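Enquirer: Need coordinates for the following:
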Amino acid sequence: EITGLSEETFIKRLAHVRVFARISPGQKVKIVKGFQSRHHIVAMTGDGVNDAPSLKAADIGIAMGQNGTDVAKGAADVILTDDNFATIEKAIEEGRGVYENIKKSVIFLLSSNLGEIMTMFLAVIGGFASPLKSSHILWINLITDSLPALALGIDENDGKALMRMPPRKSTESLFANGGLACTCFYGFLIAAISLTAFFAFPYFLLQKRDLAVSLTNIATLLRQETILIRAQTYTFTVLGMSQLFHAIGMRDIRTSVFRMHHLRNRLMLAAFVSGFILQFAVTEVPFLIRAFGTVHLLPSEWGFLFILAAVPLLAHELLLLPGRK
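Expert: Purely as a prediction, here's the structure:
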């Protein structure tokens, strides 16, 4: 019956037929390519010599490891060592989880570093003093690019949710499906709140002194060393803490933080707490204050900076509102 069908009719019939029997090796290849022409990702399982052409033609060829022939194993992409079809599903779920962790780790690191770059770049081209010292940048990278990124890399994903997603193409970019937009959005958001922290102290001073609030007056105040050091401390603190909040949201950009199972990733909790303690220490421990050129912050200042740093997590929640029922 397959032999008697035209190519066009055969491809149309593929949408309705579920079982093919007594088919030749050439017809197996035809079925695989037919499904591919309908824009499906095709997996093919086989164990014999006659399965080799279709295993090669499929997007993923899966050969039986125990009963499969050497020819089938050579043509396949994956060898199923236990010959159990149920293992295929587990392998797909595991593979999707690994890819998801790689993707969110990379996006987290790129967006965080983009925030740092744009904070420095925008301040410099605006004619202002540098909002960060080199030691500040190195310290932020130490507390945010190490443990939080590692925690994202070993995160336990929602396997059922991942399995409901359609297969991705092998040529798909790491920034597909909103990855690039996510990187840019959070990068510029972190830069925006960091610059807000930088300008906050001179802004409050101008208001307190009943002077006009303008970029020129802010730039003038930032030329004074004592004001600049406090403004840099604000920026340093917000930039470090905001990336820690951002890491929490990056665990799953499709799920609210109130629905995440935070205890499943204890390394992330440890990274979050230790990062805050270390960031707190550089403004409270005397020898660290001298080493990093920071100043002691008052509880009211910490409260303001903490709220400002939590904006990426607030944005995470707000972006989910349109999709909530």
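Enquirer: quick one: the helices in the stretch 201-325 of the chain?
Expert: For the stretch 201-325 of the chain, the helices defined by DSSP state H, counting those that start in this stretch cover 215-221, 225-249, 266-284, 286-292, 299-309, 311-320.
Enquirer: What of the stretch 51-200 of the chain?
Expert: Secondary structure of the stretch 51-200 of the chain by DSSP H, counting those that start in this stretch: the helices cover 52-57, 70-75, 86-125, 134-144, 147-153, 159-164, 179-208.
Enquirer: how big is the angle separating the third one from helix 225-249?
Expert: Counting by axes from the mean of the first three to the mean of the last three CA atoms, to 10 degrees, helix 86-125 lies at 160 degrees to helix 225-249.
Enquirer: Now do helix 86-125: distance to the chain's middle.
Expert: Distance of helix 86-125 from its chain centroid, counting by CA atoms, centre = their mean, to the nearest Å, is 3 Å.
Enquirer: Buried residues, that helix. List them.
Expert: For helix 86-125, the buried set under the neighbour-count rule, 16 or more other CB atoms under 10 Å, comprises 92, 96-97, 100-101, 103-116, 118-120, 122-123. Where you see a C-beta, it was placed from the backbone N, CA and C, and this is true even at glycine.
Enquirer: repeat for the fourth one
Expert: Within helix 134-144, the residues that qualify as buried by neighbour count (16+ other CB under 10 Å) are 136, 137, 139, 140, 141, 143, 144.
Enquirer: isn't the second one right next to residue 116, touching?
Expert: Yes - here residue 137 reaches residue 116: they are 6.2 Å apart, a contact under CB atoms under 8 Å.
Enquirer: Check the burial of residue 227 by counting its neighbours.
Expert: By other CB atoms under 10 Å, the residues close to residue 227 number 17.
Enquirer: For it, which residues are in contact?
Expert: Under the criterion of CB atoms under 8 Å, 6 or more residues apart in numbering, the contact partners of residue 227 comprise 201, 202, 205, 221.
Enquirer: redo that, cut-off 6 Å
Expert: residue 221 (CB atoms under 6 Å, 6 or more residues apart in numbering).
Enquirer: Any idea what the closest residue to residue 78 other than its chain neighbours is bridged to?
Expert: If the residues on either side of it in the chain are set aside, residue 78 comes closest to residue 62, at 4.8 Å by CB to CB, 6 or more residues apart in numbering. The bridge-partner assignment for residue 62, based on DSSP bridges, gives residue 45, residue 78.
Enquirer: Contacts only, for residue 62.
Expert: Applying CB under 6 Å, 6+ apart, one finds that residue 62 lies in contact with 45, 76, 78, 80.
Enquirer: What separation do you get for it and residue 68?
Expert: Distance check for residue 62 against residue 68: by CB to CB, to the nearest Å, it reads 9 Å.
Enquirer: And for residue 172?
Expert: As defined by CB to CB, residue 172 lies at a distance of 29 Å from residue 68.
Enquirer: between the two, which one's more packed in?
Expert: Between residue 172 and residue 68, counted using other CB under 10 Å, the more crowded position is residue 68 (24 against 12).
Enquirer: Skip the chain neighbours and tell me the closest residue to that one.
Expert: Leaving out its chain neighbours, residue 68 is closest to residue 47 (CB to CB, 6+ apart), at 4.1 Å.
Enquirer: so the one you found makes contact with residue 64?
Expert: Yes - look at residue 47 against residue 64 with CB atoms under 6 Å: they come within range, at 4.0 Å.
Enquirer: and the residue nearest the centre of the chain, what does it touch?
Expert: Taking CA atoms, centre = their mean, the centroid of the chain lies closest to residue 104, which sits 2.0 Å from it. Contacts here follow CB under 6 Å, 6+ apart; on that basis residue 104 touches 152, 250.
Enquirer: three-state assignment of residue 15?
Expert: In the three-state summary, residue 15 is assigned as coil, counting by DSSP: H, G, I helix; E, B strand; the rest coil.
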